[in-house]
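Colleague: here's my sequence, what's the structure:
(one chain, ligands or ions: 2)
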Amino acid sequence: MIAVLKQGTDQQQIDSLIEWFHSQGLRTNLSQGDEVTIIGLIGDTTKVDADLVESLDIVESVKRITEPFKRANRKFHPDSTVVEVGDAKVKFGAGNFQIIAGPCSVESREQILTVARAVKAAGATLLRGGAFKPRTSPYDFQGMKAEGLELLLEAKKETGLPIVSELMSAENIPLFENVDVIQVGARNFQNFELLKELGELRKPILLKRGIAGTLKELLMSAEYIMAGGNDQIILCERGIRTYETATRNTLDISAVPMLHEMTHLPVIIDPSHATGMARLVEPMSLAAAACGADGLIIEVHNDPQHAKCDGAQSLTPEQFNVLATKVCKVREAVA
Ligand code: PEP
Ligand code: MN
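Modeller: Numbers count the residues shown, from 1 in each chain. Ligands and ions are numbered 1, 2, ... in the order given. Next up is the predicted model:
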């Protein structure tokens, strides 16, 4: 439930109303914008008499919020959140657009350094690389683990690009101390114990939508992280499972404008996992840029044919360079 206050309400009146809500066993979330002041009520609001609250002198209107996500909800936080990454404070959201690029998995020092240099030269602003890989088959390459993270850190040191890598288990959090953005993959998006642990960190989290996750479920997962006090979350649409088999997944491009209505958190698109095909990555990236996404995460490999993971959807550095140039043009065209 939210209470929108009348303009001109003074701080003392706001404080006493908040105190009254607290005495009803509720917690509050105060949002004071330039024009509107909103008190969000958290807890069991079923017993609150909305008519009584609305009848108060300082209250303009009262609305019951059916969505169970409160902290992620744009209704409580009308301004878009800007997530700042790393010492360079690379920004996502509120008009700030970034391209994360790099291989699916870190495979060797030479591979990650080559790709890091190439994607930086082409305009990527963050480097991705999986060190702990969630593979469907236990017999597939599982990632270089701690050694992979060390190599990513070396690439970060050389290029200055902040790094993004996937965490699968809370016990490995200490290894991620110098990783700038922790990725929660599609398979772990409802691993609530992991999400709770990430809520305790003060580090940006890239939260991917699960293959069968609704947008509401994605936001409830973000809410788990935010409930712990970490509100630095970048949401990622990476394709969902539908009856279509021509592509690896089905890119739900409407998730971008829809999530922008539902939440203040930045939303990026992963066209690589969404399509599974290198040739579809560019058109989907342009679509993402055109519909207002706050960024992209794209798989790039120096030798896709011999990649240990996801080679079919990986771009060469040259292809990535072309894509990055076109994305800039689309962003300018729709600005
Ligand atoms: C990845 O980014 O390499 C990955 C495994 O992504 P997803 O969790 O979206 O499948
Ligand atoms: Mn991958």
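
Colleague: so what pairs up with residue 27 in the strands?
Modeller: Beta-bridge partners of residue 27, counted by DSSP bridges, are residue 42.

Colleague: near ligand 2, which residues of the stretch 101-250 of the chain?
Modeller: residue 104 (CB under 5 Å from the ion). Glycine gets a C-beta too; all of them are placed from N, C-alpha and C.

Colleague: just the helices in the stretch 101-250 of the chain please.
Modeller: Remark: helices assigned in the stretch 101-250 of the chain by DSSP state H, counting those that start in this stretch are 109-122, 145-159, 192-199, 215-227.

Colleague: now the second one, how far from the chain's geometric center?
Modeller: I take that to be helix 145-159. How far helix 145-159 lies from its chain's middle: 22 Å, per CA atoms, centre = their mean, to the nearest Å.

Colleague: quick check, it touching ligand 1?
Modeller: No - Helix 145-159 does not reach ligand 1 (CB under 6 Å from any ligand atom); its nearest approach is 12.2 Å.

Colleague: and for the third one?
Modeller: No - Helix 192-199 does not reach ligand 1 (CB under 6 Å from any ligand atom); its nearest approach is 13.0 Å.

Colleague: and that helix with helix 215-227, angle?
Modeller: Orientation check (axes from the mean of the first three to the mean of the last three CA atoms, to 10 degrees): helix 192-199 against helix 215-227 gives 50 degrees.

Colleague: what comes into contact with stretch 317-328?
Modeller: Here stretch 317-328 makes contact (CB atoms under 8 Å, 6 or more residues apart in numbering) with 99, 101, 115, 118-119, 121-124, 278, 281-282, 285-286, 289, 296, 298, 300, 302, 315.

Colleague: now the stretch 101-250 of the chain against ligand 2: closest residue?
Modeller: The minimum distance from the stretch 101-250 of the chain to ligand 2, using CB to the ion, falls at residue 104 (3.3 Å).

Colleague: any idea how far that residue is from residue 115?
Modeller: 11 Å (CB to CB, to the nearest Å).

Colleague: common neighbours of the two, please.
Modeller: Common neighbours of residue 104 and residue 115, using CB under 8 Å, 6+ apart, are residue 301.

Colleague: higher neighbour count, these two?
Modeller: Taking neighbours as other CB atoms under 10 Å, residue 104 and residue 115 compare with residue 115 leading, 29 against 25.

Colleague: residue contacts, that one?
Modeller: Here residue 115 is in contact with 101-103, 127, 129, 300-302, 317 (CB under 8 Å, 6+ apart).

Colleague: if we use 6 Å, what do you get?
Modeller: 102-103, 300, 302 (CB atoms under 6 Å, 6 or more residues apart in numbering).

Colleague: great, nothing more from me.
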